[in-house]
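Chemist: structure for this input, please:
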Amino acid sequence: YPDKPHRKCADTVGSVLGRYHPHGDASVYDAMVRLAQDFSMRYMLVDGHGNFGSIDGDPPAAYRYTESRMSKMSLEMLTDIEKNTVDFVPNYDDRLKEPVVLPSRFPNLLVNGSQGIAVGMATNIPPHNLGEVCGAIECLIDNPEAELEDLMEHLHGPDFPTGGIIMGRAGIRAAYATGRAKIYVRAKCEIVEGKNGKFKIIVTEIPYMVNKARLIESIADLHKDKRIEGLSDINDYSSKRGGGMRIVIDLKRDANPQVVLNQLYQMTQLQISYGIIQLALVNGEPKILTLKQIIEEYIKFVKSEVAHILKRSNEGTSDFFVNQCIHVDRTKHDNVICIDVKPSKYCVVYLDGVAYQRDGEECKVMNEDQILVRNESRKRIGKEAELEQIIRKAIKNKKQVVLHRYRSANSNQIGDRKVEPYAFVCKNE
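Modeler: Residues are numbered from 1 along each chain as shown. Alright, predicted model coming up:
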């Protein structure tokens, strides 16, 4: 857990192999390493301690040297799992149970993306900004008939962890509308004139999944082979300790910097094409989904999860009951979701997987899992429409908890994009 000390990765890999994944240790450790790389994951799910590789392609240290623990975001993917909110199936030797899917508070498929190759099919879903994804979910909850343009007002496009510039919106729109398209991603470059009159090209962001060391090597080879004229020197001033990326390409005095930059875009990985294939499993069947379909499937999942929680809080009865309680201070208990915080109105409080209805009676928060209610009587929510409204509001407010927790745990605001929405160059429109 995030509040616990780091643990040796060898221990975690061994536990996974013995309980859930009886295959090679390399596949388990490679997956763990990727989840701890800030240049691979938009929001890291593993908090690594040690050498977990670099954007230059350096390999990670062996798992007997590295340590890890869950990140704040990965903890949100396990919320309420102990309350059986999802189905469990036996593991490979029928000794333990493992969840079919995690009760995630955010759609990780969109937020961190996915890459995979199978027999006759492949998926390549780019990462997105969590705040924008939650905005699109809320938009579709408020208006189930919302069109793609309405969703794209909130979700502007992919948000890669390494930044860059997406050339044009046509590819993004095609990917969201059909589930398959190609976009072009460029490095973020700046042309600067030095004191001696010579120009420099400074690269501060590179496209997603590009190896920085190989990129610099390819530029040097082009200069050596005289395929690009005008280059004088290239140096990498990037910091491996979070200081940012900075590649400086020095040009000759008579070189045209814009021409050289265009040649670099054309001949190197300073510009790449990124093929989007939004293939995902829906009820065990692989399907290519549009953006709206992905969000709809997530809303269905959370609705079933919330309904399951409400039903289980009813001690197994078929009707939905809730306790009566008063307003809970959200500033002291950020895991509390209040549907309506106005004291004079109907309100449902969602606390750690249990829903309580406040109707003027007093209650007191004992700890994170208990509420002391003066009036022990239960009150039925009669109409299905009212239950639907409660579930809708619970879904909308779940995202506030994720945003609040992540903001408190990270110095960078969750709404900050790596790829600025105004940086899209509308080249194809």
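Chemist: just the helices in the chain please.
Modeler: 9-19, 25-35, 72-76, 108-111, 130-142, 148-152, 170-178, 212-224, 257-267, 291-312, 384-409 (DSSP state H).
Chemist: which other helices and strands does the shortest one contact?
Modeler: The reference is to helix 108-111. Using 3 or more C-beta pairs under 8 Å, 6 or more residues apart in numbering; DSSP states H and E, the elements in contact with helix 108-111 are helix 130-142, helix 291-312. Placement of C-beta: from N, CA and C, glycine included.
Chemist: most neighbours per residue, which of those?
Modeler: Ranked by mean neighbour count, those are led by helix 130-142 with a mean of 21 (mean count of other C-beta atoms under 10 Å).
Chemist: how far away from the center of its chain is that helix?
Modeler: From the chain centre to the centre of helix 130-142 is a distance of 14 Å (C-alpha atoms, centre = their mean, to the nearest Å).
Chemist: hang on, the earlier thing: closest to Met245 out of the helices of the chain?
Modeler: Met245 sits nearest to helix 212-224 of all these, at 7.2 Å, using C-beta to C-beta.
Chemist: buried ones in that closest one?
Modeler: Lys212, Leu215, Ile216, Ser218, Ile219, Leu222, His223 (16 or more other C-beta atoms under 10 Å).
Chemist: mind checking pLDDT for the third one?
Modeler: For Ile216, the pLDDT comes out at 95.
Chemist: that one reaches Asp236, doesn't it?
Modeler: Yes: in this structure, Ile216 is within contact of Asp236 by C-beta atoms under 8 Å, at 5.8 Å.
Chemist: between those two, what contacts are shared?
Modeler: Shared between the contact lists of Ile216 and Asp236 (criterion: C-beta atoms under 8 Å, 6 or more residues apart in numbering) are residues Ile247.
Chemist: picking that back up, what's the least confident stretch among the helices and strands packed on helix 108-111?
Modeler: The weakest mean pLDDT among the helices and strands packed on helix 108-111 belongs to helix 291-312, with a mean of 78.
Chemist: Leu231: neighbour count?
Modeler: For Leu231, the neighbour count with other C-beta atoms under 10 Å is 21.
Chemist: kindly report the same for Met41.
Modeler: 20.
Chemist: equivalent analysis for Met121, please.
Modeler: Around Met121 there are 11 residues (other C-beta under 10 Å).
Chemist: wait, doesn't it sit right on Leu281?
Modeler: No: under the criterion of C-beta under 8 Å, Met121 makes no contact with Leu281, lying 10.8 Å away.
Chemist: mind listing the shared neighbours of those two?
Modeler: With C-beta under 8 Å, 6+ apart, Met121 and Leu281 have no common neighbours.
Chemist: so what's the residue nearest to the spatial centre of the chain up against?
Modeler: Nearest residue to the geometric centre of the chain (C-alpha atoms, centre = their mean): Val111, 2.7 Å. Residues in contact with Val111 (C-beta under 8 Å, 6+ apart) are Arg42, Tyr43, Pro127, His128, Asn129, Leu130, Val133.
Chemist: circling back: what's the closest of the buried residues of helix 212-224 to Ser304?
Modeler: Using C-beta to C-beta, the buried residues of helix 212-224 come closest to Ser304 at Lys212, 43.4 Å.
Chemist: look up how far Ser238 lies from that closest one.
Modeler: As judged by C-beta to C-beta, to the nearest Å, Lys212 and Ser238 stand 7 Å apart.
Chemist: find residues that contact each of those two.
Modeler: Met245, Ile247.
Chemist: give me the phi and psi angles of the most far-flung residue of the chain relative to its centre.
Modeler: Distance to the chain centre peaks in the chain at Asp254, reaching 45.6 Å (criterion: C-alpha atoms, centre = their mean). Asp254 has phi and psi values of phi -90, psi 10 when expressed as degrees, to the nearest 10.
Chemist: what's near enough to touch it?
Modeler: Neighbouring residues of Asp254 by C-beta under 8 Å, 6+ apart: Gly230.
Chemist: okay, it: pLDDT?
Modeler: 89.
Chemist: quick one on the thing from earlier: switch the helices and strands packed on helix 108-111 over to TSV; also include distance to Ala61.
Modeler: Formatted as TSV, the helices and strands packed on helix 108-111 follow (distance: least, C-beta to C-beta, whole Å):
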stretch	distance to Ala61
helix 130-142	30
helix 291-312	36
